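Trainee: My questions are about this predicted structure, shown below with the sequence.
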Amino acid sequence: MTTRKPVLCSAACLLLCCTTIAVAPVLAQQVATTSAQARYDQDDLNFVDRLIMPNVPPTLMRLEDVADVNDDLFNVPVVDAAGYTVGHFRRVETKMPGDVVAVITLDPAFRSVASLYSWRRTIAVLTDHVRFEPGSRLIIADLTVADFIGTPSEFPSGG
């Protein structure tokens, strides 16, 4: 006697399996996003407390959370803790000994006396001190204009 066994089981079972497979990546992404948000919540609250601008946007993102940060945010304006434009974002780099920094080119108005002969000066600040605001497409720093001016070129600031 031969017994016929269904190869794919019932249609309901097949539908349930396909739905589970289709939804799994979405659920995994949601769980990862929730755990990442929990990890950054305290840092973000501290970041917002360091800003002196009125009406801080609620949608600030860490640069590390932007998918293709170097291409998507290239040349985005950078504002200081008071909301004044100080320069433009160039890229994210890893400096020795593993500091992740945002490379920013300062606007000519913020040149130091030592760099009077150069048109622009580029500095690096730790990514802990900057956030991206997607609504206005601005990078907001918790540093003041004086902090930016006092930062040596290509030196990680804000330690």
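Mentor: Noted; the coordinates are in hand.
Trainee: Looking at the nearest residue to Val100 once chain neighbours are set aside now. What's its pLDDT?
Mentor: Closest residue to Val100 apart from its sequence neighbours, by CB to CB, 6 or more residues apart in numbering: Thr127 at 4.9 Å. Every C-beta, even on glycine, is put in place using the N, C-alpha and C of the backbone. pLDDT, Thr127: 91.
Trainee: For Thr127, grab the count of nearby residues.
Mentor: 20 (other CB atoms under 10 Å).
Trainee: residues in contact with it?
Mentor: Arg62, Leu63, Glu64, Val92, Val100, Val101, Ala102 (CB atoms under 8 Å, 6 or more residues apart in numbering).
Trainee: Can you pull the phi and psi angles for it?
Mentor: When read as degrees, to the nearest 10, the backbone of Thr127 gives phi -70, psi -10.
Trainee: For the chain, which segments count as strands?
Mentor: 77-79, 85-95, 99-106, 121-126, 130-133, 138-141, 156-157 (DSSP state E).
Trainee: okay, the angle between the fourth one and strand 85-95?
Mentor: Using axes from the mean of the first three to the mean of the last three CA atoms, to 10 degrees, the interaxial angle of strand 121-126 with respect to strand 85-95 works out to 60 degrees.
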